[in-house]
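Engineer: Need coordinates for the below:
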Amino acid sequence: MAAILRKSSNKSAYSVLLKCVSIASASHCLPLNENGNGRVRHLSSTRRCFDLHTTSLGSSSLFDSSSRTLKHSLKGFGGGVRNVASASATLGDNSVVLKSKGLVESIQHHGQCFWELSKARLSMLVVATSGAGFVLGSGASVDWAALSWTCAGTMMVAASANSFNQIFEVSNDAKMKRTMRRPLPRGRLSIPSAVTWAMCMGFTGSVLLALKANVLAAGLATSNIAFYALIYTPLKQIHPINTWVGAIVGAIPPLIGWAAATGQVTLEGLVLPAVLYFWQIPHFMALAYLCRNDYAAGGFKMLSLLDSTGVKTSLVALRNCIYLLPAGFVAYHWNITSVWFGLETALLTSGMGAAALLFYFNRNTKNARRLFHASILYLPLLMIGMLFHRFPHTQLDGATTNLGESDNMAFENAELVDSERSEGRNVWRRYARDSSSRPPVAYASAAPFPFLPVPVFSSAD
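Structural biologist: Numbering: from 1, shown residues only. Below you'll find the predicted structure:
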């Protein structure tokens, strides 16, 4: 038997078969009886022995197919070489399948971990505010390619900031019910892998914004990562003012979009960031009230933990809702949107303010959750209305963006209207000046008495 197998061209199958036979012999469950045709008795016991030693050669499924191949190959060695070759091919195919399956599972596992580490859904909201800022800063025609690059860079930057936040707070997250299932507290992802991911995302996003938008947008994005990870994150464990500091971080993304579209930061570009700043306060006050026990377990300093009655928490939420009331009219006054946006914003803010007022007079979990849901509904509706009622942003100096053909036509029409208005004002001024230089009585006396000579007056010029 050994002599015939050594003549086989497939050395790996020969070694596998000899190892199987030696294992079975050592376990005293494979009695060999070589006769003229090399048959082996007790094949059922051979199968059991193979199952006992599957850990030394691979999975049980792999050895099942190998044992069946061994059965047929040992019935007679007239075609033994062909059977050994087929057994080797089966082993090789199964190993490739196992390696491919392991690779796919590894990719799926790490992809899910990085998705949770980046807080992908929150990052998508950040991208939406950045895109809204870009559209508000655009002219009559929007550069969709630049908008896409800006959103992609903002997404990477947001993912980096959220990843650094979880890296620094891994011990705190492990103590909170809301966050203990995240990848780092559960050990599903290592700290070095998370740091590598965060750095790669931050660097790639900033470079993408610098190349496809401008350096100002990239600088705002990079500074926001540092502000979020190095100032806001440790401040959460020091003082309740962290909520207001975190609101600044959340207000930067629409400014990134505005800077990417215009190349500068102006007062008009601060309207949407201001709305986001004041919106975040009632949103997070409601969340802090709902999760106050969890925040206490995690060691975070929130206003709701120092406010046992909830009066200060609800009052802060209500006060910032009031601050949002004139935002739409400010946008109209600065020619960013039409007056309809001011009316719609006042209506939306009144709805969220009513929820905050109800929370103030009756401080319980139900009303806090109602305010939280109202704030979630408020932001997308406000941004949709702002984009629907927006006026195209034009730059008079043309130094930062290239105006399209439609923008140039609109700009020329505006100049024509202004020139016509100026000419009309000049005509009226000349008429008023000539009228004021004539004595009213003498001028009026010429009409009733046509036979009198018309008086001649000298002009004041």
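
Engineer: Run a quick neighbour tally on the residue lying closest to Ala140 once chain neighbours are set aside.
Structural biologist: Excluding its sequence neighbours, the residue lying closest to Ala140 (C-beta to C-beta, 6 or more residues apart in numbering) is Pro392, at 4.2 Å. C-beta here means a position set from N, CA and C on the backbone, and glycine is covered the same way. Here the count is done by other C-beta atoms under 10 Å, and Pro392 has 18 residues near it.

Engineer: From Gly139, how far off is Pro392?
Structural biologist: Pro392 sits 5 Å away from Gly139, going by C-beta to C-beta, to the nearest Å.

Engineer: Please apply the same query to Ile256.
Structural biologist: For Ile256 relative to Gly139 (C-beta to C-beta), the value is 19 Å.

Engineer: So if I had to pick from these two, which one is more boxed in?
Structural biologist: Taking other C-beta under 10 Å, Ile256 and Gly139 do not tie; Ile256 has more neighbours (28 against 21).

Engineer: Could you check how far the more buried one is from Asn214?
Structural biologist: Look at Ile256 and Asn214: by C-beta to C-beta, they are 10 Å apart.

Engineer: cool, and Leu343?
Structural biologist: Per C-beta to C-beta, Leu343 is found 35 Å from Asn214.

Engineer: In terms of packing, which of those two has more residues around it?
Structural biologist: Neighbour count, other C-beta under 10 Å: between Leu343 and Asn214, Asn214 has more, with 20 against 15.

Engineer: Might you report the residue contacts of that one?
Structural biologist: Listed by C-beta atoms under 8 Å, 6 or more residues apart in numbering, the contact partners of Asn214 are Ala259, Ala260, Gly263.

Engineer: Kindly report the same for Leu358.
Structural biologist: Per C-beta under 8 Å, 6+ apart, neighbours of Leu358: Asn367, Arg370, Leu371.

Engineer: what's the helix or strand for it?
Structural biologist: Assigned by DSSP states H and E, Leu358 belongs to helix 339-361.

Engineer: quick one on the thing from earlier: next, format the contacts of Asn214 as TSV and append pLDDT, distance to Gly187 and neighbour count.
Structural biologist: Listed next are the contacts of Asn214 as TSV, based on pLDDT from 0 to 100; distance: C-beta to C-beta, whole Å; neighbours: other C-beta atoms under 10 Å:
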residue	pLDDT	distance to Gly187	neighbour count
Ala259	96	40	30
Ala260	96	39	31
Gly263	93	46	17
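
Engineer: Distance check, the closest residue to Tyr360 other than its chain neighbours against Cys200.
Structural biologist: Counting by C-beta to C-beta, 6+ apart, Tyr360 lies nearest to Ser314, which is 4.1 Å off, once chain neighbours are set aside. With distances taken as C-beta to C-beta, Ser314 is found 42 Å from Cys200.

Engineer: The two: who's more crowded?
Structural biologist: Taking other C-beta under 10 Å, Ser314 and Cys200 do not tie; Ser314 has more neighbours (27 against 14).

Engineer: Quick check: the more buried one touching Phe359?
Structural biologist: Yes - with contacts counted by C-beta atoms under 8 Å, Ser314 reaches Phe359, the gap being 4.8 Å.

Engineer: right, and Ala331 touches Glu344 too?
Structural biologist: No - using C-beta under 8 Å, Ala331 is not in contact with Glu344; the gap is 10.8 Å.

Engineer: sorry, back to before: secondary structure element holding the residue nearest to Tyr360?
Structural biologist: Element membership of Ser314, judged by DSSP H and E, is helix 311-323.

Engineer: following that helix, which helix or strand shows up next?
Structural biologist: Using DSSP H and E, the helix or strand that follows helix 311-323 in sequence is helix 327-333.

Engineer: which outside residues touch that following helix?
Structural biologist: In contact with helix 327-333 (C-beta under 8 Å, 6+ apart) are residues 271, 274-275, 278, 337-339, 341-346, 349, 386.

Engineer: just the residues you listed now: which is nearest Gly246?
Structural biologist: Proximity of those to Gly246 (C-beta to C-beta) peaks at Phe278, which lies at 13.3 Å.

Engineer: Ala140 and Gly328, how far apart?
Structural biologist: 22 Å.

Engineer: one step back: which of the contacts of Leu358 fall within helices?
Structural biologist: Mapping the contacts of Leu358 onto helices (DSSP state H) picks out Asn367, Arg370, Leu371.

Engineer: Show me the shaky parts of this structure.
Structural biologist: Within the chain, the stretches with pLDDT under 70 are 1-93, 395-461.

Engineer: 80 instead, please
Structural biologist: Within the chain, the ranges that satisfy pLDDT under 80 run 1-99, 393-461.

Engineer: Shouldn't Arg188 be within a helix?
Structural biologist: No - using DSSP: H, G, I helix; E, B strand; the rest coil, the assignment for Arg188 is coil, not a helix.

Engineer: I figured it hits His109, correct?
Structural biologist: Yes - with contacts counted by C-beta under 8 Å, Arg188 reaches His109, the gap being 7.4 Å.

Engineer: can you tell me how far Leu290 sits from Arg369?
Structural biologist: Distance, Leu290 to Arg369, using C-beta to C-beta: 6 Å.

Engineer: can you check Asp143 too?
Structural biologist: For Asp143 relative to Arg369 (C-beta to C-beta), the value is 41 Å.

Engineer: Also Asn94?
Structural biologist: Distance from Asn94 to Arg369, by C-beta to C-beta: 54 Å.

Engineer: got it, and Leu220?
Structural biologist: Per C-beta to C-beta, Leu220 is found 34 Å from Arg369.

Engineer: Neighbour count: these two, which is higher?
Structural biologist: The residue with more neighbours, out of Leu220 and Arg369, is Leu220; 22 against 16, by other C-beta under 10 Å.

Engineer: Done for today, thanks.
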